[in-house]
Structures are given as C-alpha cells and as structure tokens.
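A.B. asks: Pasting the sequence and the predicted coordinates here, then a few questions.
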Amino acid sequence: MNRFNGRLALQQRVLPNYRAPFFDRLASACEGGMSLFTGVPRPSEGITTTDELRVTRYELGKNIHLLGGALYLCYQQGLTNWLKEWNPDALIVEANPRYLSTSSAVNWMREENKPVIGWGLGAPPVSGWRERRRSAFLSQFDALIAYSQRGADEYADLGFPLDHIFVAHNSVSPSPTWDMPQRPSTFNLQPTILFVGRLQLRKNIDLLLGACAEIQNARLVIVGDGPAREAFEELAAEIYPSAEFVGAKHGEELKAHFAEADLFVLPGTGGLAVQEAMSYGLPVIVAQGDGTQDDLVRKENGWQIPPDDFDALVATMKDALSDAARLRRMGEESFRIVKEEINIEKMADVFVTALQTVK
C-alpha cells in the first residue's frame, strides 16, 4: 500500500454512509493518522449519513446552511479550531467555492507553511467574472484531485498546472474479492433488467417502466425504497404490471439480485450502485451526468445515454438485449474495470500520491 508519512486532515460538507469505507482506507495509509471534519445535511436533502468509522478520527462540526438552490452557501462552524487541535501535516478540502469557511482553513495552513489539496468534480465552463473568481479560488491549492478525467481537463483549462492535477476515479466499492458470476450464453425465458437505488422522481423509473412496456419481453426488478415508490408502483400497474418492486435489499439478498440479472439500467441521476453492479459482471446503461461515469462506463462495457431521453433509452435497451453473447462479454469487461482500475483502493492510492507530491 502506498503510504503518506504524516498526519492528514480532510474536510467534507457531510459524511454519506457510502464514503466511510474510502475514508478508512485512506486513513490506514496515513502514518500519523487522519481526522475527518464534517457537518450534517439539510433534512430536505435525503442524504443517509454515518458516524461509524473504524480507522478515521471523526470530528462533527456545525453546518450553517444559507440560502438555497443555485444560491446555496454553507459555513462550517468549528473548522479552524479543529485544524488547530489536530495540527495536520496536510489538508484536503472540497474544492467548492460555496463553502465559506474554506478560505479561513486554507489561511491557517498557509500560516503554518503546510500544503492544501482541493478535491472536486471539476469546473464546467463559465465566463467573465465568474471564470476569474473560480480561477482565483482554485489557485489557493497546491494540487487538485478530480473525480474524473473530464474534471481534470476542466481544471487544466483554467490554467492549473497539469503536473499537480490528479484523477482519483470516484469509487464507492472495493475491488471484488469474489469470482464473477457465471451466466449462460443465452437468456433464460426473459432477460432480467435490474435497477438498484433510492426511489425518487429524479431516478426516472417512469421512463424505465415505459421502455420495458415498449420492449415487452423483459423481466424488470426494481430494488429500493423511497418517497416516489407508491407513484411508480401505480404507474407500473397501468403500463407494466409485471414489474417487481422488491423493496430495499442489503447483503446476500442484494447480491442475489445482481447475480441473476442480465443488464443494469440507471435512467436518472445518481449512480452509487453502478460500480456494485459492475462488480457482479453486469453491463450497464446509465444517463450522462457530471463526468464521473465517463471513465467507468465505456463502449466496451455499457452505454451512456442523454438524460430524460425516452427514445434513446428504448433504443439502447433493445440494442443491449439483441445480442446475449455480446452482453456477456461486456459484463466481463465491467468486472475487469472495477477489479483492476476503479475501486476505493485505487482511489486512496491516488490521494496518497497527491499528498506525496505536495509534502
């Protein structure tokens, strides 16, 4: 394991439960330990958080949420005091100018002559004063870690030094320790299409139901629960009554659904389950988003489709199910990608490399 010979501090706005394994993995690579500072989300955000960390030292601060929507800002009370108490050798913060307390944390580190790394999605093109403001914000960091290659390219386009930009592919799953499930060369009676995720309107389950109604000869299994479940079930009763809503599943029950599926489809935003599906050898169809899927979903293992495009979803699902042998090969490539390239172990390794570069 690549190691950082120092004490690390890491700031996040909130701590989603899916991120805990990564933080523990990174903390285990820090000789002096790692302390994580976060606050809690707004109740309306529906983010499932955790405070259960096995290796990471955890400090819960107070998030003061200001305004909302496109004008949202956040101030994290206690951030600088935490830094003074932990006295890290390096700091990693979210590279988000909406977090008003970040500048004071960076200033404290600068006074101590210690490096700061920004970690973010990227910087989609803007113009005028907004571009100048964003460039000035990013210039305070010694290095940047991007979730994707697209994000790294956006940082580079703003003039940030290429040799201090790192790509840590956004990952929520470890490298699989199991063998890929063996599937027959042809479909059983009907191909099984799987969705796993929180049932919210933005997940576009309505489009998935409509697409299956167009295709007809497919078994659709929807794993998950959420505020839109009842509405989706009512729609399914009208247009695709054979759809199976099995509720939230975890552990062995969830593994069984991955293992018996032929194709994983994520027609809306979000996508934490995509990597897990790939770890069970599933080809995937996902809606295009912020770039974090670009490196994960390639023509060799799946399809990216325009968001909210029903016709594209139908056409792509028909194409995917038209050749079972090709679909199996794509599933094998999915498994290889998460086994060898994109997993939390590789992600932590990039973070450590960035830390070694600026230390």
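C.D. replies: Thanks, I have it.

A.B. asks: and the residue nearest to Leu83 when sequence neighbours are not counted, how far is that from Asp225?
C.D. replies: Nearest residue to Leu83, sequence neighbours excluded (Cβ to Cβ, 6 or more residues apart in numbering): Trp108, at 5.5 Å. C-beta: built from backbone N, CA, C; applies to glycine. Per Cβ to Cβ, to the nearest Å, Trp108 is found 43 Å from Asp225.

A.B. asks: Leu73 too?
C.D. replies: Taken as Cβ to Cβ, the span from Leu73 to Asp225 is 32 Å.

A.B. asks: Pull up the per-residue confidence for Ser173.
C.D. replies: At Ser173, the predicted lDDT confidence score is 88.

A.B. asks: and it, that's in a strand?
C.D. replies: No. Counting by DSSP: H, G, I helix; E, B strand; the rest coil, Ser173 is not found in a strand; it is coil.

A.B. asks: how about the closest residue to it other than its chain neighbours, what does it touch?
C.D. replies: Counting by Cβ to Cβ, 6+ apart, Gln275 is the residue found nearest to Ser173 once chain neighbours are left out, at 4.4 Å. Gln275 makes contacts with 171-173, 296, 338, 342-343, as judged by Cβ atoms under 8 Å, 6 or more residues apart in numbering.

A.B. asks: How about Thr353?
C.D. replies: Taking Cβ under 8 Å, 6+ apart, one finds 2, 166 in contact with Thr353.

A.B. asks: so where does Phe37 fall, helix or strand?
C.D. replies: strand 34-38 (DSSP states H and E).

A.B. asks: How about Ala211?
C.D. replies: Using DSSP H and E, Ala211 falls in helix 205-215.

A.B. asks: Give me the mean pLDDT for that helix.
C.D. replies: Helix 205-215 shows a mean pLDDT of 96 in the predicted model.

A.B. asks: That helix: what's the following helix or strand?
C.D. replies: Where DSSP H and E defines the elements, the next helix or strand beyond helix 205-215 is strand 219-223.

A.B. asks: Identify the neighbouring strands of that following strand in the sheet and state each direction.
C.D. replies: Take DSSP bridges as the rule and strand 219-223 pairs in its sheet with strand 192-196 (parallel), strand 244-247 (parallel).

A.B. asks: Can you list the neighbours in contact with that strand?
C.D. replies: Here strand 219-223 makes contact (Cβ under 8 Å, 6+ apart) with 190-197, 199, 205, 208-209, 212, 232, 240, 242-249, 254, 257, 261.

A.B. asks: The same query, at a cut-off of 6 Å, please.
C.D. replies: The contact list for strand 219-223, computed with Cβ atoms under 6 Å, 6 or more residues apart in numbering, reads 190, 192-196, 212, 243-246, 249, 257.

A.B. asks: shouldn't Leu15 be in contact with Gly39?
C.D. replies: No. Contact status for Leu15 versus Gly39: not in contact, 8.9 Å apart, counting by Cβ atoms under 6 Å.

A.B. asks: With only the CA atoms kept, save stretch 118-133 in PDB.
C.D. replies: Output of stretch 118-133 as PDB, limited to C-alpha atoms (Å, rounded to 0.1, in the frame of the first residue of the first chain):
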ATOM      1  CA  GLY A 118      -8.600  20.600  -3.300                       C
ATOM      2  CA  TRP A 119     -10.900  17.700  -4.200                       C
ATOM      3  CA  GLY A 120     -13.800  18.200  -6.600                       C
ATOM      4  CA  LEU A 121     -15.900  17.300  -9.600                       C
ATOM      5  CA  GLY A 122     -14.300  19.800 -11.900                       C
ATOM      6  CA  ALA A 123     -15.000  23.300 -13.200                       C
ATOM      7  CA  PRO A 124     -17.600  23.400 -16.000                       C
ATOM      8  CA  PRO A 125     -17.000  26.400 -18.400                       C
ATOM      9  CA  VAL A 126     -18.200  29.800 -17.300                       C
ATOM     10  CA  SER A 127     -17.200  33.200 -18.500                       C
ATOM     11  CA  GLY A 128     -16.400  36.700 -17.300                       C
ATOM     12  CA  TRP A 129     -16.000  37.500 -13.600                       C
ATOM     13  CA  ARG A 130     -17.300  34.000 -12.700                       C
ATOM     14  CA  GLU A 131     -14.300  32.400 -14.500                       C
ATOM     15  CA  ARG A 132     -11.900  34.800 -12.900                       C
ATOM     16  CA  ARG A 133     -13.400  34.100  -9.400                       C
END
